[in-house]
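> sequence below, structure please.
(chains A, B, C and D)
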Protein chains: 2
Amino acid sequence: MNSQDVILGVLMKRKLSGYDIKQLFETIFSYFYNASFGTIYPTLAKMEKEGLISKESIIQEGKPNKNVFTITEEGKRRFAAYIASPITPNELKSDFMMRMFFGEYTEADQIKEWLELGIQEQEAELHKLREDYKRYKPGMSVTQEICIRIGLAQVEATLLSLQEGYKRVLAKEADNQ
Amino acid sequence: MNSQDVILGVLMKRKLSGYDIKQLFETIFSYFYNASFGTIYPTLAKMEKEGLISKESIIQEGKPNKNVFTITEEGKRRFAAYIASPITPNELKSDFMMRMFFGEYTEADQIKEWLELGIQEQEAELHKLREDYKRYKPGMSVTQEICIRIGLAQVEATLLSLQEGYKRVLAKEADNQ
DNA sequence: CCAGACATGTAAACAGTTACATGATTAG
DNA sequence: CTAATCATGTAACTGTTTACATGTCTGG
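As a prediction, this is how the structure comes out:
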């Protein structure tokens, strides 16, 4: 799975601009995928050159013009090839967990600060996902619900672990005094 | 956080070869970080040139020679700088969740197959993490326990969601017939 | 006899980010 | 007047993977 596959996927239903695609990445895909404009625009250009998508320029008033892309038959075949290909393993890079792993090389105050920040972030993420789920639920397919429920369950589990970890750090501190 | 930071971290306690580091990546770090030999060896070479680590060649019998690296004072300062830098956000790329998101473009049998595979993988991962936790628990720091408990909680949550999702897919199938 | 562990390294390719450049409109 | 939103694009850089190259020893 790379950005091209994801772009083909989002274009299956409706035509979109690069800007629109970035919006999707930052909202509904945020908890399992992301890509920057620096990836999106060159990828769209390459895909158009290869005939996977076609461009349509929309002249707008008061706003910059838009380049809207539609998937071609060739693009649909390419998307089907992605779907038929083996699933690649999840890739996670967690700086937060790395800090926890190397926690012995820093002060207890630093650890507490990291945990507090981590808890805040997961709380915000949980709130966002719950809002998204409520908002998009009516139009969601069964598998899209599976997807967001996995995301939700992961964030809930992480948050609980962090809160429990925070308590353990506090308990250990009290113990050492 | 990049490979260099992680390598500095693992060298804080003991000297290691590139091969040893790869072993660590595939065992204790597997659930939140990974890097290939193609990253590890060139990174070690670059770090030695910059004076962050020093090389020592160990001649072995019956096995290829080893290049064992030790962190320098400069390396320790660099590691401290990483620890003092802001935490970067988690990065997750999940092809599995992408397939679920685009599930409407494939057959129910395909979805079931993906879910079965996903469940198997998470069960295997859960088993591995539980074994690791049991094995390494005695020597683990509080924060290392926090780290593995997050990993464990995430896998458990994912597995439950997958199992629940699988049931939902089966129920929907029965419903449509 | 063959697979897998042990061990290092390089080159080509790929994917992706960050920062920059441009510029109008709108809301506070 | 300032920040945010809308909108596209490029160039330099970074990081990383994949595949190749090499070779011994051990266990089944």
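
> give me the domain ranges for chain A.
A:3-84, A:95-175 (automatic domain parsing).

> how about the ones you listed in JSON lines, adding mean neighbour count, mean pLDDT and distance to DNA strand D?
From N, CA and C alone the C-beta is placed, and that goes for glycine too. Formatted as JSON lines, the domains of chain A follow (neighbours: other CB atoms under 10 Å in any protein chain shown; pLDDT from 0 to 100; distance: least, CB to the nearest atom of the strand, whole Å):
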{"stretch": "domain A:3-84", "mean neighbour count": "16", "mean pLDDT": "95", "distance to DNA strand D": "3"}
{"stretch": "domain A:95-175", "mean neighbour count": "17", "mean pLDDT": "96", "distance to DNA strand D": "11"}
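
> which residues of chain A fall in strands?
All strands of chain A, identified by DSSP state E, fall at A:16-17, A:53-58, A:66-71, A:91-93.

> paired strands for the first one, with orientation please.
This means strand A:16-17. Using DSSP bridges, strand A:16-17 pairs in its sheet with strand A:66-71 (antiparallel).

> now the angle between strand A:53-58 and the partner strand, please.
Using axes from the mean of the first three to the mean of the last three CA atoms, to 10 degrees, the direction of strand A:66-71 lies 150 degrees away from that of strand A:53-58.

> thinking again about what came up before, in JSON lines: the domains of chain A, plus distance to B:K15.
What follows is the domains of chain A, written out as JSON lines (distance: least, CB to CB, whole Å):
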{"stretch": "domain A:3-84", "distance to B:K15": "37"}
{"stretch": "domain A:95-175", "distance to B:K15": "17"}
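
> up against DNA strand C, what does chain A have?
A:2-3, A:34-39, A:42-43, A:62-64 (CB under 7 Å from any atom of the strand).

> which residues are in contact with A:Y33?
A:V6, A:F25, B:L92, B:K93, B:S94, B:M97, B:M98 (CB atoms under 8 Å, 6 or more residues apart in numbering or on different chains).

> actually A:S36, sorry about that
Counted by CB under 8 Å, 6+ apart, A:S36 has contacts A:K22.

> for B:G118, find the nearest of the domains of chain A.
Nearest to B:G118 among the domains of chain A is domain A:95-175 (9.1 Å), distances taken as CB to CB.

> ok, back up a step: in helices only, show me the residues of chain A next to DNA strand C.
Counting by DSSP state H, these place A:S3, A:F37, A:G38, A:T39, A:P42, A:T43 in helices.

> from these, pick the one nearest DNA strand C.
Closest approach to DNA strand C among these (CB to the nearest atom of the strand): A:G38, at 2.0 Å.

> residues contacting the residue nearest to A:E164 when sequence neighbours are not counted?
Leaving aside its sequence neighbours, A:E164 sits nearest to B:R149 (CB to CB, 6 or more residues apart in numbering or on different chains; 7.2 Å). Contact analysis of B:R149 by CB under 8 Å, 6+ apart lists A:S161, A:E164, A:G165.

> quick one: B:R149 from A:E121, how far?
Counting by CB to CB, to the nearest Å, the gap from B:R149 to A:E121 is 18 Å.

> can you check A:K15 too?
34 Å.

> stretch A:136-153: how far from the chain's middle?
Remark: stretch A:136-153 is offset 14 Å from the chain centroid, using CA atoms, centre = their mean, to the nearest Å.

> equivalent analysis for stretch A:41-61, please.
Distance, stretch centre to chain centre, for stretch A:41-61: 23 Å (CA atoms, centre = their mean).

> for that stretch, C-alpha coordinates in PDB please.
Extracted in PDB, the C-alpha atoms of stretch A:41-61 (Å, rounded to 0.1, in the frame of the first residue of the first chain):
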ATOM      1  CA  TYR A  41       0.600  16.600  -5.900                       C
ATOM      2  CA  PRO A  42       3.500  14.800  -7.500                       C
ATOM      3  CA  THR A  43       1.700  11.500  -7.200                       C
ATOM      4  CA  LEU A  44      -1.400  12.900  -8.900                       C
ATOM      5  CA  ALA A  45       0.800  14.300 -11.700                       C
ATOM      6  CA  LYS A  46       2.500  11.000 -12.200                       C
ATOM      7  CA  MET A  47      -0.900   9.100 -12.200                       C
ATOM      8  CA  GLU A  48      -2.300  11.400 -14.800                       C
ATOM      9  CA  LYS A  49       0.700  10.900 -17.000                       C
ATOM     10  CA  GLU A  50       0.200   7.100 -16.700                       C
ATOM     11  CA  GLY A  51      -3.500   7.400 -17.500                       C
ATOM     12  CA  LEU A  52      -4.800   6.200 -14.200                       C
ATOM     13  CA  ILE A  53      -6.700   9.500 -13.600                       C
ATOM     14  CA  SER A  54      -7.800  12.400 -15.700                       C
ATOM     15  CA  LYS A  55      -7.700  16.100 -14.900                       C
ATOM     16  CA  GLU A  56     -10.400  18.700 -15.100                       C
ATOM     17  CA  SER A  57      -9.700  22.300 -14.300                       C
ATOM     18  CA  ILE A  58     -12.500  24.100 -12.400                       C
ATOM     19  CA  ILE A  59     -12.400  27.900 -12.500                       C
ATOM     20  CA  GLN A  60     -13.600  29.300  -9.300                       C
ATOM     21  CA  GLU A  61     -14.500  32.900  -8.200                       C
END
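
> please see if it touches chain B.
No: if you take CB under 8 Å from any CB of the partner chain as the test, stretch A:41-61 misses chain B, and the best it gets is 15.2 Å.

> residues in contact with that stretch: which ones?
A:3-4, A:7-8, A:11, A:15, A:18, A:21, A:65-72, A:74-75, A:78.

> the most centrally placed residue in chain A and DNA strand C, how far apart?
Nearest to the geometric centre of chain A sits A:S30, at 2.3 Å (CA atoms, centre = their mean). Using CB to the nearest atom of the strand, to the nearest Å, A:S30 is found at 12 Å from DNA strand C.
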